[in-house]
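generate coordinates for the sequence data below:
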Amino acid sequence: MFYKDERLALFIDGSNLYAAGKALGFDIDYKLLRQEFMRRGKLLRAFYYTALLESDDYSPIRPLVDWLHYNGYSMVTKPAKEYTDSMGRRKVKGNMDIELAVDAMELAPRLDHAVLFSGDGDFRPLVESLQRQGVRVSVVSTIRSQPPMIADELRRQADNFIELDELRDVIGRPPREPREPREYRGETEPSGVGR
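Residues are numbered from 1 along each chain as shown. You can find the predicted model right below:
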């Protein structure tokens, strides 16, 4: 439940929301997402959290990050850590939970409603703390994927659970077909964001 006069903020765990959308078979249209929540209340901030691989010359998420930054999102990024596991596989670690929690706690005194886009059970204590400060918390994720993308304890703690699949018609678009990169001013052109 949203009220038109309430001050709200979005806290988007980028990799978690991306995985949930993929599991449901659609991409998120971030322009429509922001418009939808501006319609639901007085949107103070829309934070997007993601780790970036700095070692690669081209990061596939860079066009999205740039587009979000220029289109009303507060971007919170940090370099991802690359390592090799015990089996010799290349792994990437880029957890943004602390950054998201700190921003939510700092903004809490000026919020009526926080909307968390994540299913990560590690956020349950954050949700509980925000609630103790009088902030209502909605969590957006999915139980319709196999396995469900939301931790049961997070869903139970939230004031409101919003099934991502039910937002498909409002904020979704069909997944992009992979396309061959083409030469563009001597560089490889990224797949378009906002095209």
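
was I right about Ala19 contacting Met149?
Yes: taking contacts as CB atoms under 8 Å, Ala19 lies within contact range of Met149: 6.6 Å. Yep, even glycine has a C-beta here, placed from its N, CA and C like the rest.

and the helices in this protein?
Secondary structure of the chain (DSSP state H): helices located at 14-24, 30-40, 62-70, 97-107, 124-132, 152-157, 168-171.

which among those is found nearest to Arg144?
Among these, the nearest to Arg144 by CB to CB is helix 14-24 (6.5 Å).

buried residues, the closest one. List them.
The neighbour-count check on helix 14-24 (16 or more other CB atoms under 10 Å) flags 14-21, 23-24 as buried.

which residues touch that helix?
By CB atoms under 8 Å, 6 or more residues apart in numbering, the residues outside helix 14-24 that reach it are 27-28, 48-51, 61, 94, 96, 117-120, 140-142, 144-146, 149, 164-165, 168, 172, 175.

try it again at 7 Å.
Helix 14-24 is contacted from outside by 27-28, 48-50, 117-120, 141-142, 144-145, 149, 164-165, 168, using CB atoms under 7 Å, 6 or more residues apart in numbering.

tell me the buried residues within those residues.
28, 48-50, 117-120, 141-142, 145, 149, 164-165.

now do the buried residues in the strand ranked longest in the chain.
Using DSSP state E to define each element, the chain has its longest strand at strand 42-52. Using 16+ other CB under 10 Å as the test for burial, strand 42-52 gives 43, 45-51.

quick one: it to helix 62-70, angle?
150 degrees (axes from the mean of the first three to the mean of the last three CA atoms, to 10 degrees).

count of neighbours near Ile143?
15 (other CB atoms under 10 Å).

now it: phi and psi?
phi -110, psi 0 (degrees, to the nearest 10).

among the helices of the chain, which is nearest Glu82?
Taking the helices of the chain one by one with CB to CB, helix 14-24 is closest: 15.1 Å.

what about that closest one, average pLDDT?
What helix 14-24 shows for mean pLDDT is 94.

returning to what we had before: can you give the strand pairings for the longest strand of the chain, parallel or anti for each?
Partners of strand 42-52 in the sheet, by DSSP bridges, are strand 7-13 (parallel), strand 74-79 (parallel).

contacts for that strand, please.
The contact list for strand 42-52 (CB under 7 Å, 6+ apart) reads 5-15, 34, 37, 59, 61, 65, 68, 72-80, 94, 96, 99-100, 103, 107, 110.

with stretch 112-128 instead?
Contacts for stretch 112-128 (CB under 7 Å, 6+ apart): 2, 6-13, 16-17, 20, 37, 41, 97, 101, 104, 130, 135-141, 149-151, 153-154, 157-158.
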